[in-house]
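J.: I would like the atomic coordinates for the input below:
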Amino acid sequence: MIPTNPFGPAPSAPHADPERTREARRRLESIFAAALQAVDGRAAVRRALGSAAPSAPYWLIAIGKAAAAMTLGALDCLGSQLLGGLVIDKAPPPDPRPFAACGIEVLTGGHPLPTAASIQAGQALLAALARTPPDATLLFLISGGASSLVEVPIAGLDLAQLARLNGWLLGSGLPIGPMNRVRTAVSRIKGGGLLAALPQRSLRVLAISDVPGDDPAVIGSGLLVPAPGLEAAVAALELPPWVRAWVDRGLLGRAAPTRPGPPIELVATLALARAAAAEAARAAGLPVRVHPEFLAGDAAERGRELARQVRDGPPGLQVWGGETTVRLPARPGRGGRNQHLALAAALELAGRPDCLLLAAGTDGSDGAGADADAGALVDGGTLERAALDGYDAADCLRRADSGRLLAAAGDLIHTGPTGTNVMDLVLGLRW
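T.: All right, here's what the predicted structure looks like:
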């Protein structure tokens, strides 16, 4: 049985219908919201810990862009058995009172580049672990962003060099796995290095995956996951000489893990978000195709490819997920990889009022310095609207300045911090 088109009967030939387009845009935004709800950090931790009262006390360490949300889930379940903790997030929680009431210290680190606050957070983490109650189980809540938010760099690597190295990585076009291996090589706590501060301690680790394949060694650069193959992995990368020098120096000083890494429980993943988007679309009467392959590679190339699949495919929703890359020019403009992908897609969808594409980060941010923009939702009229203000899509793509054009077109998506991070979702709709 073919589902009824929720936007009404499709015309024999596409024509501009502003009300149908507005309804389709609202539908895509609601589907994206349903996907975010399914991987919400608070709800995910609540599901993992369950409703049974804990039999032993816990001490909490939460690190990442979903740290505060995940901590609220732990507070919901653990009650008085939670003896205290440390939260390291990108921004302070809107309401700090629940954290203070349980003796949980909240710090903020730098993101997407490590800052002095990231170094301070690293030292605070080591100090906190040294004073935790010896009979308490240490509950780690790890999410994306941890690689930048907390750091204890190798000897000699000062903040300026650390920021320069991370800045190069972000503009290199490298996927997140290789990026985090380089970060691990110059860190004392990544790649299982933090285990040295946890001899004989009882550990439980819940994580939200923001990496391809949900590899625990890559999530947050594997604070609690030893990296025995690190040297070979980074040797295969093409790195500038100055980056290679720091990597080699870090590898020489890395100590062997002092204990095996604990099991990592994944409480939210990209697959869960994709499935939730599909379920919401089916509930709305839309035919759905979920693409299980991981979306990767150059953002502009992928954007054009996905747009053609939407434009030339059957009516309904198509769902992709992953994390593309952008090789940045020397002076990039506004926007991130999702806006870059969406603008490239808009070039293929121009003049097609029956086609739309949404690309957004599930953490609510897309691109350095553009924290208010989660991504963009483009349609067949995007380029025409932007042209009224003098913007040219090809030029903006070349300068990595997609955000300014999409702002002029009214196509940027704003969610604010979402309390989760499972990489990016792309939703394509043809009605």
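J.: go ahead and confirm Ala207 touches Pro263.
T.: No - if you go by CB atoms under 8 Å, Ala207 and Pro263 don't touch, sitting 10.4 Å apart. Using the backbone N, CA and C atoms, a C-beta is placed for each residue, glycine as well.
J.: quick one: which of those two has more around it?
T.: Between Ala207 and Pro263, counting by other CB atoms under 10 Å, Ala207 is the more crowded of the two (29 against 10).
J.: quick check: pLDDT value at Thr4.
T.: The model reports Thr4 with a pLDDT of 53.
J.: same check on Glu323?
T.: 93.
J.: ok, it - contacts?
T.: Contacts for Glu323 (CB atoms under 8 Å, 6 or more residues apart in numbering) come out as 175-176, 210, 212, 295-296, 337, 423-424.
J.: just those: which are in strands?
T.: Counted as lying in strands by DSSP state E, out of the contacts of Glu323, are 295, 424.
J.: among the contacts of Glu323, which one is most surrounded by other residues?
T.: Asp210 (31 neighbours).
J.: got any ranges where the stretch 251-400 of the chain has weak pLDDT?
T.: Counting by pLDDT under 70, the stretch 251-400 of the chain shows low-confidence ranges at 368-371.
J.: just the helices in it please.
T.: 270-283, 299-312, 337-349, 382-387, 393-398 (DSSP state H, counting those that start in this stretch).
J.: need the winner for burial among those.
T.: Counting by mean count of other CB atoms under 10 Å, helix 337-349 has the highest mean neighbour count of the helices of the stretch 251-400 of the chain, with a mean of 29.
J.: quick check: buried residues in stretch 36-51?
T.: 36, 38-46, 48-49 (16 or more other CB atoms under 10 Å).
J.: what pLDDT does Pro54 get?
T.: So Pro54 comes in at 73 (pLDDT).
J.: just give me the neighbour total for the closest residue to Ala146 other than its chain neighbours.
T.: Spatially, and ignoring its direct neighbours in sequence, Ala146 is nearest to Gly220 (3.1 Å; CB to CB, 6 or more residues apart in numbering). By other CB under 10 Å, 30 other residues sit near Gly220.
J.: check the gap between Gly220 and Arg201 for me.
T.: Per CB to CB, to the nearest Å, Gly220 is found 18 Å from Arg201.
J.: one more: Ile264?
T.: With CB to CB as the criterion, Ile264 and Arg201 are 16 Å apart.
J.: the more surrounded of these two?
T.: Taking other CB under 10 Å, Ile264 and Arg201 do not tie; Ile264 has more neighbours (21 against 16).
J.: surely the more buried one and Ala217 touch.
T.: No - Ile264 lies out of contact with Ala217 (CB under 8 Å); the separation is 9.0 Å.
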